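>>> only geometry, no sequence info:
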């Protein structure tokens with residue numbers, strides 16, 4: 001079993017994921033929002049790489065049972081029903097609905113890795129569930145951190161490092177690339193208090209400036225969900 005960590009989705013070609021098992025992480029906030037939406041009864045989420053495509057795809061699907069959700073540079077795009085705060089995705093709002101999701105980083109990372117044989121979504125909230133499933137699969141896997149604005153993102157890499165560390169407790173022989181080793185090291189030095197770490201990241205500071213402190217608190221929770229989003233035919237559903 002071997003793992004590798006990518007610090008940004010912009011550093012690889014989409015065909016490089018063909019046939020691989022990939023875990024996409026965008027802690028603030030797409031991954032956490034996707035997990036929470038599916039946990040709260042959303043039928044499915046369709047990740048897209050542009051606002052324009054989101055609007056196009058949403059037109060006429062499922063007799064109006066679709067919602068546009070996401071953000072562009074933290075803000076909800078004009079015409080979207082939902083932003084990218086997991087707190088918006090309540091059972092009353094998303095239950096039974098299909099959500100077309102565009103975000104500045106997370107949805108683009110998922111689309112980039114769409115040719116993976118297995119593609120899962122992870123965050124701090126469902127970390128243990130993803131770990132248990134990867135251990136059960138016992139396959140090599142890639143971790144794709146969405147990053148922020150094409151750059152390294154602390155919270156994503158700390159999450160990746162924690163995921164790997166949890167697997168090491170079960171499989172001490174897991175082989176790590178240099179980027180995977182660096183992720184584990186960073187998680188041990190900076191991941192003791194997830195919320196404090198997030199509050200000091202570039203993305204965390206921007207979210208706090210835009211009054212999303214409650215989102216940081218929500219996204220910092222560990223192992224509060226057993227939901228694992230799984231990409232099949234371009235659509236995210238709950239892994240059964």
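Sure thing, it's come through. Since we're looking at a predicted model, the values are computed, not measured.
>>> For the spatially most central residue of the chain, give me its contacts.
With distances taken as Cα atoms, centre = their mean, residue 31 lies nearest the centre of the chain, 2.6 Å away. Residue 31 sits next to 24-25, 106, 121-123, 146 when contact means Cβ atoms under 8 Å, 6 or more residues apart in numbering. From N, CA and C alone the C-beta is placed, and that goes for glycine too.
>>> Flag every buried residue along the helix or strand harbouring residue 181.
Taking DSSP states H and E as the criterion, residue 181 maps to helix 178-190. By 16 or more other Cβ atoms under 10 Å, the buried positions in helix 178-190 come out as 179-180, 182-184, 186-187, 190.
>>> So which elements touch the longest helix along the chain?
As assigned by DSSP state H, the longest helix anywhere in the chain is helix 154-170. With contacts taken as 3 or more Cβ pairs under 8 Å, 6 or more residues apart in numbering; DSSP states H and E, helix 154-170 sits against strand 2-6, strand 21-25, helix 127-137, strand 141-145, helix 178-190, helix 194-199, helix 202-209.
>>> show me where pLDDT drops low in the protein?
59-64 (pLDDT under 70).
>>> residues touching residue 156, list them.
Residues near residue 156 by Cβ under 8 Å, 6+ apart: 7, 25-27, 145-147.
>>> Out of those residues, who's the most crowded?
Among the contacts of residue 156, residue 26 has the most neighbours (other Cβ atoms under 10 Å), with 34 neighbours.
>>> Just to check, that one is in contact with residue 109?
Yes. Using Cβ atoms under 8 Å, residue 26 is in contact with residue 109, at 6.3 Å.
>>> Need the residues touching each of these two.
Common contact partners of residue 26 and residue 109 (Cβ under 8 Å, 6+ apart): 145-146.
>>> List the buried residues of the longest helix of the chain.
Neighbour-count burial for helix 154-170 flags 154-167 (criterion: 16+ other Cβ under 10 Å).
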